[in-house]
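Trainee: Curious how this folds, go ahead:
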Amino acid sequence: MVRMKAIPGQEHLAFPKKKKVPKQRKADTPEAIIQMRLEKYLDMTEVRYIRIPDCVYRLFTYTSIPVWVKQEMSSAFKGVPDLLCFKKSGDYNTSLLVEVKTDVGKLSQGQKKWHQGLNVAVVRSFEEGKDIIDRFKEVNDDKE
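Mentor: Residues are numbered from 1 along each chain as shown. Below is the predicted model of the structure:
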(Lines give C-alpha, C1' and ligand atoms only; values in the text may rest on other atoms or scores of the structure.)
Protein backbone atom coordinates (compact mmCIF):
# COMPACT_ATOMS: atom_id res chain seq x y z
CA MET A 1 0.00 0.00 0.00
CA VAL A 2 1.34 3.42 -0.97
CA ARG A 3 0.93 6.17 1.56
CA MET A 4 0.77 9.75 0.39
CA LYS A 5 2.35 12.50 2.41
CA ALA A 6 -0.15 14.86 3.94
CA ILE A 7 0.19 18.59 3.49
CA PRO A 8 1.33 20.12 6.79
CA GLY A 9 -1.70 21.29 8.77
CA GLN A 10 -4.11 19.20 6.68
CA GLU A 11 -3.33 15.69 8.01
CA HIS A 12 -6.91 15.22 9.21
CA LEU A 13 -8.48 15.74 5.75
CA ALA A 14 -9.12 12.74 3.49
CA PHE A 15 -8.62 14.92 0.42
CA PRO A 16 -6.31 17.83 1.26
CA LYS A 17 -7.30 21.20 -0.14
CA LYS A 18 -5.40 22.34 -3.18
CA LYS A 19 -3.46 25.55 -2.98
CA LYS A 20 -5.38 28.41 -4.49
CA VAL A 21 -3.72 29.97 -7.49
CA PRO A 22 -4.30 33.73 -7.49
CA LYS A 23 -6.33 34.91 -10.47
CA GLN A 24 -4.52 37.13 -12.89
CA ARG A 25 -5.78 40.69 -12.65
CA LYS A 26 -7.56 41.97 -15.74
CA ALA A 27 -6.46 45.16 -17.44
CA ASP A 28 -8.34 48.37 -16.64
CA THR A 29 -8.41 49.41 -20.32
CA PRO A 30 -8.03 46.90 -23.18
CA GLU A 31 -4.95 47.26 -25.37
CA ALA A 32 -7.05 47.80 -28.50
CA ILE A 33 -8.80 50.81 -26.92
CA ILE A 34 -5.49 52.41 -25.86
CA GLN A 35 -4.07 51.87 -29.34
CA MET A 36 -7.18 53.25 -31.06
CA ARG A 37 -7.06 56.41 -28.92
CA LEU A 38 -3.36 56.87 -29.68
CA GLU A 39 -4.04 56.48 -33.42
CA LYS A 40 -6.74 59.16 -33.26
CA TYR A 41 -4.33 61.42 -31.38
CA LEU A 42 -1.63 60.84 -34.02
CA ASP A 43 -4.16 61.74 -36.73
CA MET A 44 -5.14 64.90 -34.83
CA THR A 45 -1.54 66.00 -34.38
CA GLU A 46 -0.70 65.09 -38.00
CA VAL A 47 2.11 62.70 -37.09
CA ARG A 48 2.51 60.06 -39.78
CA TYR A 49 2.43 56.50 -38.56
CA ILE A 50 2.17 52.92 -39.71
CA ARG A 51 0.36 50.16 -37.90
CA ILE A 52 0.13 46.57 -39.01
CA PRO A 53 -3.57 45.70 -38.88
CA ASP A 54 -4.68 42.77 -36.72
CA CYS A 55 -6.17 41.10 -39.80
CA VAL A 56 -2.61 40.47 -41.05
CA TYR A 57 -1.89 38.45 -37.91
CA ARG A 58 -5.15 36.54 -38.31
CA LEU A 59 -3.94 35.31 -41.71
CA PHE A 60 -1.52 33.03 -39.87
CA THR A 61 -4.45 30.92 -38.67
CA TYR A 62 -6.13 30.27 -42.03
CA THR A 63 -5.67 26.72 -43.27
CA SER A 64 -5.99 27.60 -46.96
CA ILE A 65 -2.69 29.51 -46.91
CA PRO A 66 0.39 27.33 -47.54
CA VAL A 67 2.50 26.66 -44.46
CA TRP A 68 5.65 28.22 -45.95
CA VAL A 69 3.77 31.49 -46.57
CA LYS A 70 2.52 31.52 -42.97
CA GLN A 71 6.05 30.91 -41.68
CA GLU A 72 7.52 33.71 -43.81
CA MET A 73 4.82 36.16 -42.73
CA SER A 74 5.09 35.16 -39.10
CA SER A 75 8.86 35.61 -38.99
CA ALA A 76 8.62 38.97 -40.78
CA PHE A 77 6.04 40.47 -38.41
CA LYS A 78 6.83 38.75 -35.10
CA GLY A 79 7.64 41.36 -32.44
CA VAL A 80 7.14 44.48 -34.60
CA PRO A 81 5.96 47.40 -32.41
CA ASP A 82 2.30 48.41 -32.65
CA LEU A 83 2.90 51.93 -33.92
CA LEU A 84 5.77 53.18 -36.08
CA CYS A 85 5.68 57.00 -36.05
CA PHE A 86 7.68 59.21 -38.42
CA LYS A 87 8.50 62.91 -38.69
CA LYS A 88 10.75 64.94 -40.96
CA SER A 89 13.84 66.22 -39.20
CA GLY A 90 16.08 68.38 -41.39
CA ASP A 91 17.26 66.32 -44.36
CA TYR A 92 16.29 63.06 -42.68
CA ASN A 93 13.33 61.42 -40.99
CA THR A 94 13.19 60.39 -37.36
CA SER A 95 11.03 57.66 -35.92
CA LEU A 96 9.30 56.70 -32.72
CA LEU A 97 8.52 53.03 -32.09
CA VAL A 98 5.61 52.47 -29.72
CA GLU A 99 4.55 49.15 -28.19
CA VAL A 100 1.11 49.35 -26.55
CA LYS A 101 0.51 47.12 -23.53
CA THR A 102 -2.08 47.11 -20.78
CA ASP A 103 -1.12 47.77 -17.18
CA VAL A 104 -0.78 43.99 -16.68
CA GLY A 105 0.45 43.08 -20.20
CA LYS A 106 3.85 41.48 -20.81
CA LEU A 107 6.17 41.55 -23.80
CA SER A 108 6.37 38.34 -25.81
CA GLN A 109 9.71 36.72 -26.62
CA GLY A 110 9.40 37.95 -30.22
CA GLN A 111 8.85 41.51 -29.02
CA LYS A 112 11.81 41.35 -26.64
CA LYS A 113 14.03 40.09 -29.46
CA TRP A 114 12.81 42.75 -31.91
CA HIS A 115 13.29 45.53 -29.35
CA GLN A 116 16.95 44.64 -28.66
CA GLY A 117 19.20 47.51 -29.70
CA LEU A 118 16.28 49.85 -30.42
CA ASN A 119 14.55 52.51 -28.38
CA VAL A 120 11.00 51.23 -28.21
CA ALA A 121 8.57 53.09 -25.96
CA VAL A 122 6.34 50.63 -24.11
CA VAL A 123 3.23 52.55 -23.07
CA ARG A 124 0.60 51.23 -20.69
CA SER A 125 -2.03 53.97 -20.94
CA PHE A 126 -3.26 56.61 -23.36
CA GLU A 127 -1.86 59.42 -21.21
CA GLU A 128 1.61 57.86 -21.16
CA GLY A 129 1.53 57.40 -24.94
CA LYS A 130 0.29 60.96 -25.49
CA ASP A 131 3.18 62.35 -23.40
CA ILE A 132 5.74 60.36 -25.38
CA ILE A 133 4.25 61.48 -28.71
CA ASP A 134 4.26 65.12 -27.53
CA ARG A 135 7.94 64.87 -26.55
CA PHE A 136 8.70 63.23 -29.92
CA LYS A 137 7.03 66.15 -31.72
CA GLU A 138 8.85 68.78 -29.64
CA VAL A 139 12.30 67.27 -30.19
CA ASN A 140 11.78 67.12 -33.92
CA ASP A 141 10.22 70.59 -34.15
CA ASP A 142 13.54 72.05 -32.87
CA LYS A 143 15.46 70.51 -35.81
CA GLU A 144 13.24 71.73 -38.65
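Trainee: could you pull out the helices for this protein?
Mentor: 31-44, 54-58, 67-77, 109-115, 126-143 (DSSP state H).
Trainee: Just tell me which of those ends up closest to residue 100.
Mentor: Of all the helices of the chain, helix 31-44 sits nearest to residue 100, with 4.6 Å by Cβ to Cβ. Where you see a C-beta, it was placed from the backbone N, CA and C, and this is true even at glycine.
Trainee: list the buried ones in the closest one?
Mentor: Across helix 31-44, burial judged by 16 or more other Cβ atoms under 10 Å covers 34-35, 37-39, 42.
Trainee: And the average pLDDT for stretch 40-54 is what?
Mentor: For stretch 40-54, the mean per-residue pLDDT is 90.
Trainee: and what of stretch 77-93?
Mentor: pLDDT averaged over stretch 77-93 gives 89.
Trainee: got the buried residues for it?
Mentor: Buried, per 16+ other Cβ under 10 Å, within stretch 77-93: 79-83, 85, 87.
Trainee: Stretch 123-130 now?
Mentor: Buried, per 16+ other Cβ under 10 Å, within stretch 123-130: 123-126, 128-130.
Trainee: Between which two of those is the distance greatest?
Mentor: 124 and 130 (12.3 Å).
Trainee: In terms of mean pLDDT, which of the helices of the chain ranks lowest?
Mentor: helix 54-58 - the lowest mean pLDDT of the helices of the chain, at a mean of 67.
Trainee: wait, which of the helices of the chain is closest to residue 102?
Mentor: helix 31-44 (5.2 Å).
Trainee: what's the closest one packed up against?
Mentor: Identification of packing neighbours for helix 31-44 by 3 or more Cβ pairs under 8 Å, 6 or more residues apart in numbering; DSSP states H and E yields strand 48-50, strand 83-89, strand 92-100, helix 126-143.
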